Every structure is written in C-alpha cells, then in structure tokens.
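Asks: show me how the following folds:
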Amino acid sequence: MEHNTVLPFGTRIVLAQVDMFGWLGRDHHPEPSDVGFVGVVVGNCLFSPDDDSDCKENVLGGTELTEEHAVCYTVVDGTGRKLEVMNFELEVV
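Replies: Next up is the predicted model:
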C-alpha cells in the first residue's frame, strides 16, 4: 500500500511484498521469506525525479509525495535486524 506522505520515524510497519527485480542497490534488501517482517522506521531516503542526487536522507515525516517519488525506509525489528523497504512494499500497522 502506497502512502502520500513520508512516514515519521517510529512508525510501525509490516512488510507486505518484496520487489526482487527493482531497487537492487539496497544494502539490506528483503527476501520473499521476509514478508510479514514487523519493524519501526528509523531512517528514510527520498528519491525524486526533479533532483539529480541519489536521494535525500532522513526527510521529515509528513512530507508530501507525488506519484514520481519513491521512498526507501530503513526499518528495524525488536531483535535489531535491519531491512530497507520501499514505500510500495509495506503497510502501516
């Protein structure tokens, strides 16, 4: 489920799907077996077509998104395990 604003730090999410063929540069890319992973947002990286840089890191929660934006969230679970999930791969719980 996509969101129209950047999620604030501390937002609890569940990994609903994994894109195995896009956004492959993630250091902590989820695997299909990670579907159901529950964690909290601890960082983000906003990609914008209007900006030549790779991404804007740690964008303020609530920042509006357009259809052209993509957000990669760093999420951590209770054991300290870290994943990098795209905004269209997660659901807020």
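Asks: quick check: longest strand of this structure.
Replies: strand 38-47 (DSSP state E).
Asks: and for it, what's in contact with it?
Replies: 6-15, 54-59, 63, 65, 69-77, 81-83, 93 (Cβ atoms under 8 Å, 6 or more residues apart in numbering). C-beta: built from backbone N, CA, C; applies to glycine.
Asks: and the strands in the chain, which stretches?
Replies: 12-15, 38-47, 56-57, 70-76, 82-86, 90-92.
Asks: show me what the last one is packed up against.
Replies: Of the remaining helices and strands, those touching strand 90-92 by 3 or more Cβ pairs under 8 Å, 6 or more residues apart in numbering; DSSP states H and E are strand 12-15.
Asks: and the strand it packs on, what does it pack against?
Replies: By 3+ Cβ pairs under 8 Å, 6+ apart, strand 12-15 packs against strand 38-47, strand 70-76, strand 82-86, strand 90-92.
Asks: parallel or antiparallel, which strands does the longest one pair with?
Replies: Put plainly, it is strand 38-47. Take DSSP bridges as the rule and strand 38-47 pairs in its sheet with strand 12-15 (antiparallel), strand 56-57 (antiparallel), strand 70-76 (antiparallel).
Asks: what is the most centrally placed residue in the chain paired to in the beta sheet?
Replies: The residue lying closest to the centre of the chain (Cα atoms, centre = their mean) is residue 73, at 2.7 Å. In this entry, residue 73 is beta-bridged to residue 44, residue 85, by DSSP bridges.
Asks: so how far is the worst-scoring helix or strand of the chain on mean pLDDT from its chain's centroid?
Replies: Lowest on mean pLDDT, DSSP states H and E among the helices and strands of the chain sits strand 56-57, with a mean of 92. Relative to the chain's own centre, strand 56-57 is displaced by 12 Å; criterion: Cα atoms, centre = their mean, to the nearest Å.
Asks: which residues are contacting that strand?
Replies: For strand 56-57, using Cβ under 8 Å, 6+ apart, the contacting residues are 43, 44, 45, 46, 48.
Asks: among those, who's most crowded?
Replies: Comparing the contacts of strand 56-57 by number of neighbours (other Cβ atoms under 10 Å), residue 44 comes first, having 24 neighbours.
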